[in-house]
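**Q** generate a structure from the sequence data that follows.
(2 chains)
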Amino acid sequence: MIWSAFLATWRAMLTDKGALTLLFVGGIIYSFFYPLPYSTEIVQRVPVAVVDQDRSAMSRQMTRFAMAHPSLEVIAVTPDLPVAQDLLWREQVMGVLIIPDGLQTDVLAGRAAHAQVAGNGLYLMLNKVALNGLAEVVGTVSAGIELKRLGAGTPSAIQANQQRSPIAFDAVPLFNIKEGYGAYVVPGVATLIVQQTLLIGMTMLFGTWYQRKAFPLAQRRTAGGYFGMLLAFASVAFLNCCYFFGFVFWFQDYPRGGNFGGMLLLLLLFSLAEAAFGMLLGMLFRTRERGTQLMIATSMPVLFLAGLTWPVSSMPVVLQWLRWLLPSTAGIQGFVALNQMGASLHEIRHEVAGLLCLLLACVALGWWRWRRMEETLVDLNKA
Amino acid sequence: MSETDKEQPAALAREWARLRGDFWDLGMLSWIPVVLCGMLWLIFSAGIARDLPIVVIDNDNSALSRQLTRWLDASPGMSVAAKVASSDDALHHIRERTAFGYLVIPGDFEKQLLGGRQATVQWLYNAQFSSHAGALLRDVRTVSTTLSAGIEMTARSKKGMSTVQAAAQFEPVRTTLNSLYNDNISYEAFLTLALMPAMLQIFIVVAVVTSIGRELRDGTVPQWLASANGSWLRAVGAKLLFPLLAYVALALLYLLFFSLARGWAVAGSLPALLLSMLLLVLAYCGLATLLIGATLSLRLALSGAAFITAPAFAFAGQAFPLLSMPPLARAWAEALPLTHYLQLQTKYWLAGAPWRYGVQEMLILAGIAIGCGAVGLLLLARRANGPDAWGRT
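**A** Residues are numbered from 1 along each chain as shown, chains lettered A, B, ... in the order given. Down below sits the predicted model:
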C-alpha cells in the first residue's frame, strides 16, 4: 500500500516535465551557478588612491608601501581631495589614504601626527580590505620611526618591539580556515536550494492535480497513500542533499565531512520534515504555477531567517520564534554545524528537536488536510 | 485618437477584471511584496549586531586578565557567555553556536606584562559564521589594543615622560579610520537598502511573466488581442501597466520609509535616484516580456525568472565585490539590470553623488528596457497568436 503510493508518486514526478526539471535538474544547475561569483573566494588588490598633501620623504615612503601592499592597488596619487572624491563616486577606488600637509614636520618635532584612512562603507568587504591595508601601511611607517627612537634607549630591537606593543594579538580562524566567502555562504544556501526546488516542484504537482481534478494515487484518503507519497518526496530531498553534501562540497573544496553519522540522521529527519511541510503546503494550492511564484519571492527572507549571515540574537524576538516554522532554519544551521564544523548530535539538539516538532505538526495537519482533500475536490466539481 | 480612447480601456479593464478575480495575483502586486520586504527589514532592523556571545579561557586569573575579560563583556558588540577551562569546552560552545569565538589568555599574562615583556593573547573564531566573526574580530582587537596601549603608557610615565609626550612617542603617526557614507557599518544601510530592489526585481518579472503567460497557457490570446483592438503594442502595454504602477509605488514606498522614517536621507541627487528607480522597473518589465516572448510558456518563463532573479543579489556585487569575480560571473553580473541599479542607488542615496555620476548606468538600464522590451514584443507579435503557442505547461 505504502509501496504502491511511493511508486505512483515517483511515476508522477518523472512524467511531469516541469516537476522533473525542478526536482532533479534545478539543483544541479544551481550547484554550479550559485558558487560561481565566489570562486576566487577572497578579495585581493582593492583599488585605492593616495592624497599626498605633504609631499615629503615620509609621505613618499607611505605611498611606496601602499603600492607594495599585496591587498591594495594604488591607482592614483594626487594632492587634491576632489580628485579622490571623484574617483570614489565613480567607484574606481574603494579607499583613500590622506597624508596631510605638515605630517613629516610634526613627526620630526615629536608632535603627534595624523594620517586619515577612508574606505567606502557601502561595500563591506572592500571597505575592510582597504581600511586594514592602508592602516597597516601607516602603522608600518609609524612603527619604523618609533623603533628607531626606542632603539636609542633600549638594548635590542626585540625588546623595543615588545615595549611598543605589550599585548600581542593572534587571531586564528576555525573551520573555514581559508576564510573563503563561498565556503561561508554556499553550504547554507545548498540546503535552501534543496528546500526551494522541492517545494516548487511539489506545489506544482499538487496544483496541477487540483486543476485537472486527477490524483495519481488510487486510494487517496488512506494512511498508506499519505505516507507512501511522503516517503517519495522525502527521498527526493534525501538524494538532492546527498548530491550537495557529497559531490558539490568536495568539488568546490569547501570544509566538509565533519560528522557523517550525525549528518545521515539529520538528513533523514530533514527530508521527512521537508516532504511533510511540502505536502501540507501543496494541498493549499489550486493552480500549477502559484507555488513557483511565491517560492521564488520568499527565497531571500527564508535564507536570512536561518541566522547564518545575520545573528539570530539581533532579530526581533517574534522572528526568532517564527523562523522555526521553516524546515530550512534547522536544516541550514544543523547541516553547517555537522558538515562544516563537525558538531555532535548533542550540539545540534535544538535543531533536531525543532525538526522533530515541525515534522509531527506537519504530519498531523497534513493528514487532517489529506482526509478532507477529496471532499474539497468534489466541491470544486460541483461549482 | 478617439479609437484609442475607446479601445485602450477595454484591454485595461479586461486585465483589471482578471486581477480582481485572482486573490493571489493581486496579492503579488500589493500586500505580498510589502509583507516580505517588511520582514527583510525587520530581520536587519537592529542594524548592528550586539552582544554576540564569546567565551574566555583565562589561564592567568590575575587582576589584568580579569580586567581584559570585563572590558570584553562591556563592549557593546559582544558578551562573555562563560569562562571555560579548556579548548574542548570552548569548541563545544562554538559547535553548539552558543559562542562564536574564544579568547585564550596565557598563564603568565600579568607577570610578563608587569615585567615589561610581551604577552600573546589568542583569539580563535568561527570563520564558518563569517559576518558574526568579522564584527567580533574588530571589537576583540580594539579591546586588546586599548589595554595594550594603557600598559605601554603606564610604563612610559613611570620613566618620567608626560602623558602627551608618551602618547606622541609611542605612536608617531596615528591613523584615523573612516568608513565613508556608513560610519557604523550598519547592515540596515549596507544590506537592507540593497535587498529591497533585489526583492522588487523578482516581483516585477514574476508578475509580468504571469500576466502574459496566462493568456498563452489558456489559449486566450485572440480575446486578449481583440480587447486591444488587434494592436500588440497596446495589448502588451495593458499587461505592463498594472505591474508598472504597483512596483513604482512600492519603490516610492521604500524610498519614503527609509529616507523619512528610518533617517537614511538621500544625500545625492534625488531626481536622478527617482529616475533610476523608474528605469529599474522598466528594465525588468522589458526583460520579463522577452522571457515570455522567447519561451511562450508560463512554466518555462517562471523557471527562467527563478534562475535570473532569485540569485541576482549574489551576483550584484554588493555583498561580494564584482572586481573579485571570475570573468564569466562578472559578465553575468553586468548583464543584470540589478547590478547597475544598485550602483546608482549606492551613489545617489548614501554616497551623495551628483546626477552626472550615473549617466552610464542609466543608459544601460534604458538600453535593456528598450532592447529587451522591443525584442520581446516582436517575438510575441510574430509567434504568440497561434494554437502552436498555446497551452504549454
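**Q** hey, where'd the helices end up in the stretch 251-383 of chain A?
**A** Ranges of helices within the stretch 251-383 of chain A are A:260-282, A:290-305, A:317-322, A:327-335, A:349-382, based on DSSP state H, counting those that start in this stretch.
**Q** out of these, nearest to chain B?
**A** Among those, helix A:290-305 comes nearest to chain B, with 4.7 Å by CB to the nearest CB. Every C-beta, even on glycine, is put in place using the N, C-alpha and C of the backbone.
**Q** which bits of the stretch 151-300 of chain A sit near chain B?
**A** Contacts of the stretch 151-300 of chain A with chain B, taken as CB under 8 Å from any CB of the partner chain, map to A:161-177, A:179, A:181, A:183-185, A:187, A:196, A:200, A:204, A:208, A:255, A:288-290, A:292-294, A:296-300.
**Q** ok, of those residues, which come out buried?
**A** For these, a burial check counting by 16 or more other CB atoms under 10 Å in any protein chain shown picks out A:161-167, A:169, A:171, A:173-176, A:179, A:181, A:183-185, A:187, A:196, A:200, A:204, A:208, A:255, A:288-290, A:292-294, A:296-300.
**Q** hmm, back to that, the helices of the stretch 251-383 of chain A: lowest mean pLDDT?
**A** Sorting the helices of the stretch 251-383 of chain A by mean pLDDT places helix A:349-382 lowest, at a mean of 82.
**Q** out of the residues of the stretch 151-300 of chain A next to chain B, list just those in strands.
**A** A:167-174 (DSSP state E).
**Q** beyond the lowest-mean-pLDDT helix or strand in chain B, next helix or strand please.
**A** When the helices and strands of chain B are scored by mean pLDDT, DSSP states H and E, helix B:163-170 comes last with a mean of 64. Proceeding N to C from helix B:163-170, the next assigned helix or strand is strand B:173-180, under DSSP states H and E.
**Q** so for that next one, what gets flagged as buried?
**A** For strand B:173-180, burial by neighbour count (16+ other CB under 10 Å) applies to B:173, B:175, B:178-180.
**Q** check whether the longest helix along chain B comes near chain A.
**A** Identified as the longest helix of chain B according to DSSP state H is helix B:130-158. Yes: Helix B:130-158 comes into contact with chain A (CB under 8 Å from any CB), by way of B:130-134, B:137, B:140-141, B:144-145, B:147-148, B:151-152, B:155.
**Q** returning to what we had before: which among the buried residues of strand B:173-180 are in contact with chain A?
**A** The subset of the buried residues of strand B:173-180 within reach of chain A, by CB under 8 Å from any CB, is B:173, B:175, B:178-180.
**Q** re the thing from before, reformat the buried residues of strand B:173-180 as TSV; add pLDDT.
**A** Shown next, in TSV, are the buried residues of strand B:173-180 (pLDDT from 0 to 100):
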residue	pLDDT
B:Val173	83
B:Thr175	83
B:Asn178	85
B:Ser179	85
B:Leu180	88
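**Q** helix or strand: which one has A:Cys49?
**A** Quick fix: residue A:49 is Ala, not Cys. Judged by DSSP H and E, A:Ala49 forms part of strand A:46-52.
**Q** chain center to that strand, what's the gap?
**A** How far strand A:46-52 lies from its chain's middle: 31 Å, per CA atoms, centre = their mean, to the nearest Å.
**Q** same thing with stretch A:169-188?
**A** 12 Å.
**Q** endpoints of stretch A:249-256, how far apart?
**A** The straight-line separation of the ends of stretch A:249-256 (CA to CA, to the nearest Å) is 7 Å.
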